[in-house]
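**Student:** Model the following, please.
(one chain, ligands or ions: 1)
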Amino acid sequence: MSVLSRKRLNKLNVGDKLPTMKEMSDQNSIRFIDLFCGIGGFHIAAEKAAALLGVSAECVLSSDIDQPCQDVYENNFGSKPLGDISKIDANDIPDHDLLLAGFPCQPFSIIGHQKGFEDTRGTLFFEIARILKAKKPKAFVLENVKMLRGHNNGRTLGRILETLRGLGYIVDYRVLNALDFGLPQKRERIFIVGFKKRCSFTWPDGDVPMKPLSAILETDVPENYYASEYIQKKRLASRKPTGELTIWHENKSGHISAYPYSCALRAGASYNYLLVNGKRRLTPREMLRLQGFPDSFKITCNYSQSRKQAGNSLPVPTAQAILFQLFASQGWHSGLYTREIYEIKSTNKQMILLEGKSKYDCKKKSETANS
Ligand SMILES: C[S@@+](CC[C@H](N)C(=O)[O-])C[C@H]1O[C@@H](n2cnc3c(N)ncnc32)[C@H](O)[C@@H]1O
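**Tutor:** Numbers count the residues shown, from 1 in each chain. Predicted coordinates for the structure are as follows:
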């Protein structure tokens, strides 16, 4: 069992400095693989969830095809992810308890029209199915965009679930919003969990108090983050400045709204898609904070790569809360944790407390048209 003292474990809280691996018993290690790992959102979440339960989590294989992501991952976790997953023989993958994968959404249209495991060959989801079939980990967590739920009238998700069930897993899914897990970012993502054996897994409620933007935004941001005078004027012409920190969001039709939280970061969005107080772009550190990455995470690539990586990442606290429940459901804990980690509070209520909710509602179409 873990060598952590009960006193120290009971004091652990989300965001606290985690116990070192040395402090953990090796026998208690949860072995996981991190597919489509990006810059390691799942990796951080797994380590933190395990530490909160008094055990350690060991990544035994990671893979991402993107070279800059591989470099950042290596700089932060000490091991370079392998490349293209389709080139990795399942026999070369170490045995593991848990498979984690935030797989790309690009092949949805292919999966949706097909019929099951055999027909999903050639898609990146198939790569996950292929590894599950060969390695049979006890559990998995997959993450994707919310749109997967309704894509092709639900047929795409249906095929995915059918394939996973066909591989002998009990599966379930939920769409969860990062706003409910303490981040000031509206990011709704679908999470699919699967278990080899029946267990009492409970989805986390969320209801974690939202961090205010003041805890995320940097001060003294360099001039080059500021939008041109033309863009700033255009923003101010479309809506009034707010009394508190807000992030201004431009939707696809050019409509501007301002909220005391960020809309979902997007890898390929325009540079002025999100502007702090309608004036400046987010810094790489701010984007990572919006995804729940700790400040100890090293930023080792340029601005445009960081922007793409943060936009592609998953919200760490949401993944951590799911993994916490999953580890507990599998009995992967030291038995020493005794208290509830997440305090219950309603994010919606907070929004009203921050400033009248209507202030952040979208302007009516007629108002925008006249501005
Ligand atoms: C949605 S992102 C996942 C990001 C990750 N969950 C994180 O927290 O940073 C999908 C990732 O899949 C990677 N990818 C795409 N095709 C791949 C392939 N054939 N083999 C391995 N990785 C691939 C992309 O480079 C991208 O980083």
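**Student:** how many neighbours does the residue of the stretch 51-200 of the chain found nearest the ligand have?
**Tutor:** The stretch 51-200 of the chain approaches the ligand most closely through Gly102 (2.8 Å), counting by C-beta to the nearest ligand atom. Just so you know, the C-beta spots here come from the backbone N, C-alpha and C atoms, and that holds for glycine as well. Residues within reach of Gly102, counting by other C-beta atoms under 10 Å, total 24.
**Student:** residue contacts, it?
**Tutor:** Phe36, Cys37, Gly38, Gly41, Phe42, Leu142, Glu143, Asn144, Ser313, Leu314 (C-beta atoms under 8 Å, 6 or more residues apart in numbering).
**Student:** Tell me how many other residues surround the residue in the chain that the ligand sits nearest to.
**Tutor:** Nearest residue of the chain to the ligand: Gly38, at 2.2 Å (C-beta to the nearest ligand atom). A count of neighbours around Gly38, defined by other C-beta under 10 Å, yields 26.
**Student:** domains of this structure?
**Tutor:** 6-206+312-329, 213-307+349-370 (automatic domain parsing).
**Student:** Going by mean pLDDT, which of these comes out lowest?
**Tutor:** Lowest mean pLDDT within the domains of the chain: domain 213-307+349-370, a mean of 84.
**Student:** Would you mind finding the most buried of the domains of the chain?
**Tutor:** Greatest average neighbour count among the domains of the chain goes to domain 6-206+312-329 (a mean of 19), per mean count of other C-beta atoms under 10 Å.
**Student:** just the strands in the stretch 1-150 of the chain please.
**Tutor:** Counting by DSSP state E, counting those that start in this stretch, the stretch 1-150 of the chain has strands at residues 30-35, 57-63, 98-101, 139-145.
**Student:** List the pairing partners of the shortest one within its sheet, with orientation.
**Tutor:** Spelled out, that is strand 98-101. Paired neighbours of strand 98-101 in the sheet (DSSP bridges): strand 30-35 (parallel), strand 139-145 (parallel).
**Student:** Using the three-state scheme, assign the residue nearest the centre of the chain.
**Tutor:** The residue lying closest to the centre of the chain (C-alpha atoms, centre = their mean) is Leu314, at 1.8 Å. With DSSP: H, G, I helix; E, B strand; the rest coil as the basis, the three-state label of Leu314 is coil.
**Student:** how about it, what does it touch?
**Tutor:** Contacts of Leu314 (C-beta under 8 Å, 6+ apart): Gly38, Gly41, Phe42, Ala45, Gly102, Glu143, Arg189, Gln291.
**Student:** Identify the residue nearest it in space, chain neighbours excluded?
**Tutor:** Nearest non-adjacent residue to Leu314, counting by C-beta to C-beta, 6 or more residues apart in numbering: Gly41, 4.2 Å away.
**Student:** same check, this time on Pro68
**Tutor:** In space, Pro68 is closest to Gln305, 4.5 Å off (C-beta to C-beta, 6+ apart).
**Student:** That neighbour touches Asp71, doesn't it?
**Tutor:** No - in this structure, Gln305 is not within contact of Asp71 by C-beta atoms under 8 Å, at 9.1 Å.
**Student:** circling back: pretty sure the residue nearest to Pro68 sits in a helix.
**Tutor:** Yes - under three-state DSSP, Gln305 falls within a helix.
**Student:** ok, Ser79 touching Ser63?
**Tutor:** No - the criterion here is C-beta under 8 Å, and Ser79 misses it with Ser63 at 11.2 Å.
**Student:** From the rest of the structure, what touches stretch 189-202?
**Tutor:** So stretch 189-202 is contacted by 132, 136-146, 148-149, 157, 160-161, 164, 168-176, 178, 314-315, 318-319, 322, 325-326, 329-330 (C-beta under 8 Å, 6+ apart).
**Student:** close to the ligand, is it?
**Tutor:** No - on the criterion C-beta under 6 Å from any ligand atom, stretch 189-202 is out of touch with the ligand, staying 9.7 Å away.
**Student:** Start and end of that stretch, how far apart?
**Tutor:** 17 Å (C-alpha to C-alpha, to the nearest Å).
**Student:** And stretch 175-192, by the same measure?
**Tutor:** 9 Å.
**Student:** What of stretch 132-151?
**Tutor:** Span of stretch 132-151 from end to end, C-alpha to C-alpha: 24 Å.
**Student:** who in the stretch 201-350 of the chain is up against the ligand?
**Tutor:** Counting by C-beta under 6 Å from any ligand atom, the stretch 201-350 of the chain sits next to the ligand at Asn312, Ser313, Leu314.
**Student:** dump the residue contacts of the closest residue in space to Ile128 that isn't next to it in sequence.
**Tutor:** Leaving aside its chain neighbours, Ile128 sits nearest to Ala101 (5.2 Å; criterion: C-beta to C-beta, 6+ apart). Counting by C-beta under 8 Å, 6+ apart, Ala101 touches Asp34, Leu35, Phe36, Phe42, Ile128, Phe140, Val141, Leu142, Glu143.
**Student:** Quick check: the third one touching Phe103?
**Tutor:** Pointing back at Phe36 there. Yes - using C-beta under 8 Å, Phe36 is in contact with Phe103, at 5.0 Å.
**Student:** any shared contact partners between the two?
**Tutor:** With C-beta under 8 Å, 6+ apart as the test, Phe36 and Phe103 both reach Leu124.
**Student:** Helix, strand, or coil at Ser257?
**Tutor:** Taking three-state DSSP, the label given to Ser257 is strand.
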